[in-house]
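> Kindly return the folded structure for what I paste below:
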Amino acid sequence: MAELQLSKKANTGSPPNGEPVYLAVGLLRRPHGVHGEIMLEIQTDYPERLSPGTTYFAGKEYIPLKIATNRKHNKGLLLSFENINDRDKIARLRNNRLYVLLSDWPPLPEGEYYDYQLIGLEIIEKETGKMLGELKEIIQTGANDVYVVRSESGREILLPDIPDVILDIDLAQRQMSVYLIPGLVDEG
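Residues are numbered from 1 along each chain as shown. Okay, the predicted model is just below:
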């Protein structure tokens, strides 16, 4: 196993072409107890995939770690990893993201997308063909996601991820077609 010397910053940049793609599934928070467990703040819709025997990667160095045990704790998970059995060793993982290799993650059902697939899409208004801007951020709310679109002039448009607004997503063309319902965009 690689030595656990991790930085406090997680890598958020895109990998160079040909490099593996990693998806963040959580944030390793604080050690729990003295036997090498650590609290994971879950940042995935599929926490059941964080099961014993599966390999994940910690920190910007993507240190491989195989999950030994997991159990629910409050709103997160308590994880332990193979070959890490004390508080001092597990504490070195604190405040680092936990990643999965994208190629190891099952594909989503038809019509569902990972956030990383949507960020950067050109947003096109279907009726006029006008480019509104680029999808820069996804805000997760209780009811539905909200897409933050920024125009070339820097103006932001907030688009709710609802069927009446989001009409089509074409990943091959890197475009999202939308319908601007009346009152959605301030014309001022």
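> Nearest residue to the spatially most central residue of the chain in space, please, no chain neighbours.
The centroid of the chain falls nearest to residue 24 when counting by Cα atoms, centre = their mean (5.0 Å). Nearest non-adjacent residue to residue 24, counting by Cβ to Cβ, 6 or more residues apart in numbering: residue 97, 4.7 Å away. All C-beta atoms are positioned from the backbone trio N, CA, C, and that covers glycine.
> Specify the residue ranges that define each domain of this protein.
22-104, 115-178 (automatic domain parsing).
> Span of the shortest one from start to end?
Distance across domain 115-178, first residue to last, is 17 Å (Cα to Cα, to the nearest Å).
> returning to that earlier point: what bridges to the residue nearest to residue 24?
Note on residue 97: beta-bridge partners by DSSP bridges are residue 27.
> So for it, what's the pLDDT?
Looking at residue 97, its pLDDT is 96.
> Pick the most buried one from the domains of the chain.
Mean neighbour count, computed with mean count of other Cβ atoms under 10 Å, is highest for domain 22-104 among the domains of the chain, reaching a mean of 17.
> Next, the contact list for residue 124, please.
With contacts defined as Cβ atoms under 8 Å, 6 or more residues apart in numbering, residue 124 is in contact with 130-132, 175-178.
> For it, what is the enclosing helix or strand?
Secondary structure assigned from DSSP states H and E places residue 124 in strand 122-125.
> Give me the next element, helix or strand, following that strand.
Strand 122-125 is succeeded, C-terminally, by strand 131-140 (DSSP H and E).
> Could you tell me which strands that following strand is paired with, and in which direction each runs?
By DSSP bridges, strand 131-140 pairs with strand 122-125 (antiparallel), strand 145-150 (antiparallel).
> CSV please, covering the ones you listed and showing mean pLDDT.
Formatted as CSV, those follow (pLDDT from 0 to 100):
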stretch, mean pLDDT
strand 122-125, 97
strand 145-150, 95
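> Turn those into TSV, columns for distance to residue 104.
Listed next are the strands paired with strand 131-140 as TSV, based on distance: least, Cβ to Cβ, whole Å:
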stretch	distance to residue 104
strand 122-125	30
strand 145-150	25
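> Tell me which of the ones you listed sits nearest to residue 93.
Set against residue 93 and scored by Cβ to Cβ, the strands paired with strand 131-140 come closest in strand 145-150, at 29.4 Å.
> where's the worst-scoring helix or strand of the chain on mean pLDDT relative to the chain centroid, distance-wise?
Using mean pLDDT, DSSP states H and E, helix 115-118 stands out as the lowest-scoring helix or strand of the chain, at a mean of 88. Centroid displacement of helix 115-118 relative to its chain, using Cα atoms, centre = their mean, to the nearest Å, is 8 Å.
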